[in-house]
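In: below is the structure, and that's it, no one-letter string:
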């Protein structure tokens, strides 16, 4: 999880919805191999977008109500939040180029 802010149901409002920067939140699972493959790609974007966006992660097993709230049916699911709103979503494992293309308009 390295560069990612750890999100739970308790800190979601403060860390994600009240963030002054866009937040890219990966919904993942402890035993999810695609999630582990996706994380270095998201870290690359985090370094590219330093001071423009933050990366965060929530484990669905530990915070199932957040997964339900945002309609997460499978992991990994990555959602970009800006000004407290879910603006863009990527379901599954995709290339860094595809993720960049989807999220860049909101950064």
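Out: Structure's in. What do you need? What you are looking at is a predicted structure, and each value in this text was computed from that prediction instead of being measured. Numbering: from 1, shown residues only.

In: what mean pLDDT does stretch 63-71 have?
Out: Stretch 63-71 carries an average pLDDT of 97.

In: try stretch 28-46
Out: Per-residue scores along stretch 28-46 average to 95.

In: from the chain's centre, how far out does that stretch sit?
Out: Centroid displacement of stretch 28-46 relative to its chain, using Cα atoms, centre = their mean, to the nearest Å, is 10 Å.

In: residues contacting that stretch, please?
Out: The set of residues external to stretch 28-46 that reach it, using Cβ atoms under 8 Å, 6 or more residues apart in numbering, is 1-4, 24, 26, 53-55, 57-61, 75-76, 78, 92-96, 99-100, 103. Placement of C-beta: from N, CA and C, glycine included.

In: name whatever forms a beta bridge with the residue lying closest to residue 74 once chain neighbours are set aside.
Out: Once flanking residues are discounted, residue 74 sits nearest to residue 91: 6.7 Å by Cβ to Cβ, 6 or more residues apart in numbering. Beta-bridge partners recorded for residue 91 (DSSP bridges): residue 77.

In: so which residues of this protein form helices?
Out: Using DSSP state H, the helices of the chain run over residues 12, 33-48, 64-69, 96-103.

In: returning to that earlier point: buried ones only from the contacts of stretch 28-46, please, as a PyMOL command.
Out: Selecting the buried subset of the contacts of stretch 28-46 in PyMOL, with 16 or more other Cβ atoms under 10 Å as the burial test, is done by:
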select buried, resi 3+4+24+26+53+54+55+57+58+59+60+75+76+78+93+94+99+100+103
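
In: coming back round to it: looking at the helices of the chain, which is buried most?
Out: helix 12 (a mean of 20; mean count of other Cβ atoms under 10 Å).

In: and the closest residue in space to residue 17 that isn't next to it in sequence, how many neighbours?
Out: Nearest residue to residue 17, sequence neighbours excluded (Cβ to Cβ, 6+ apart): residue 84, at 4.3 Å. Residues within reach of residue 84, counting by other Cβ atoms under 10 Å, total 11.

In: need the pLDDT of residue 84.
Out: Value listed for residue 84 in the pLDDT field: 94.
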